[in-house]
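*Asks:* Need a 3D model of the sequence below.
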Amino acid sequence: MATKSHPPLMKKHSQTDLISRLKSRKILGVGGEDDDGEVHRSKISQMLGNEIKFAVREPIGLRMWILISAVGFTVMALMALVFPNQLYELVFEDVLSTTSVSVRLYGAALLSLALIMWNGLYTAEKVIIQWTLLSEACYFAVQFLVTSITLIEIGILPNAAMLLLLSRVLFFVVAMAYYYHLGRKPKKI
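*Replies:* The predicted structure is shown next:
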């Protein structure tokens, strides 16, 4: 028997055959828009996600605000830990009659929040920045309430405490404004 030679295999160039490429991409599920309106160029980018999707368009001054907050929280925490009596006297214009443990615990909590602020300063992830701003806003809201109730119980209204209350309202508004701005969906052009 004579060996029969096969004709040479013809390669199909799918890069040049547009219909074949479109069919292949449709079968793979890439090239079209997904639920979020994104067009993926490959199955890998579809599975791993698009890096541009996580890039945050930051509002002007956000990093400066987080830096100022981190420094402020750190300074207040160190003051509460090292000089608890003086910090209490500065705010309430009264001598701390009980032990200074409560002010030092307040300093420890502030130091924990300061660490969150420092972490938020160096991250690029939108969710972490949002949680940083939300924790800051919650702190300012709770501090406003606690300080107000304490001042009502004491029955005095020192100027330093009023300044503290007004600053907490202002800081709460700024933190929530940045939080809101980061949470908005970008406008599609």
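*Asks:* Against R63, how distant is M117?
*Replies:* For M117, the distance to R63 (Cβ to Cβ, to the nearest Å) stands at 11 Å. All C-beta spots, glycine's among them, are computed from the backbone N, C-alpha and C.
*Asks:* Compare the two and say which one has the larger neighbour count.
*Replies:* When neighbours are counted by other Cβ atoms under 10 Å, M117 comes out ahead of the other of M117 and R63, with 23 against 14.
*Asks:* residues contacting the more buried one?
*Replies:* I66, S69, A70, F73, T132, E136 (Cβ atoms under 8 Å, 6 or more residues apart in numbering).
*Asks:* Now rank the residues you listed by neighbours and give me the top one.
*Replies:* Neighbour counts for the contacts of M117 were taken using other Cβ under 10 Å; the highest belongs to E136, with 27 neighbours.
*Asks:* Touching, it and A114? I think so.
*Replies:* No - taking contacts as Cβ atoms under 8 Å, E136 lies outside contact range of A114: 10.3 Å.
*Asks:* need the helices for this protein, in chain order.
*Replies:* In chain order, the chain shows helices spanning 18-28, 43-48, 51-54, 62-82, 84-92, 101-121, 126-154, 159-183, with DSSP state H as the criterion.
*Asks:* how many neighbours does G72 have?
*Replies:* Here the neighbour count serves as a burial measure; for G72 (other Cβ under 10 Å) it reads 16.
*Asks:* so what's it scoring on pLDDT?
*Replies:* Model confidence at G72, given as pLDDT, is 93.
*Asks:* Present the helices of the chain as a markdown table; the columns should include distance to S5.
*Replies:* Written out in a markdown table, the entries for those read as follows (distance: least, Cβ to Cβ, whole Å):
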| stretch | distance to S5 |
| --- | --- |
| helix 18-28 | 28 |
| helix 43-48 | 39 |
| helix 51-54 | 52 |
| helix 62-82 | 71 |
| helix 84-92 | 95 |
| helix 101-121 | 70 |
| helix 126-154 | 63 |
| helix 159-183 | 68 |
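*Asks:* just flag whichever of those has the lowest average confidence.
*Replies:* Ranked on mean pLDDT, the bottom entry among those is helix 51-54, at a mean of 51.
*Asks:* My read is that N119 contacts T132, right?
*Replies:* Yes - because the distance of 7.1 Å satisfies Cβ under 8 Å, N119 is recorded as touching T132.
*Asks:* Common neighbours of these two, please.
*Replies:* With the criterion set as Cβ under 8 Å, 6+ apart, the contacts of N119 and T132 do not overlap.
*Asks:* how close does Y88 sit to L121?
*Replies:* As it turns out, when the distance is counted by Cβ to Cβ, Y88 lies 29 Å from L121.
*Asks:* ok, how many other residues are close to L134?
*Replies:* Neighbour count of L134, defined by other Cβ under 10 Å: 16.
*Asks:* what sits against it?
*Replies:* For L134, the set of contacting residues under the criterion of Cβ under 8 Å, 6+ apart consists of A175, Y179.
*Asks:* if we go to 10 Å?
*Replies:* With contacts taken as Cβ atoms under 10 Å, 6 or more residues apart in numbering, L134 has the following neighbours: A175, M176, Y178, Y179, L182, G183.
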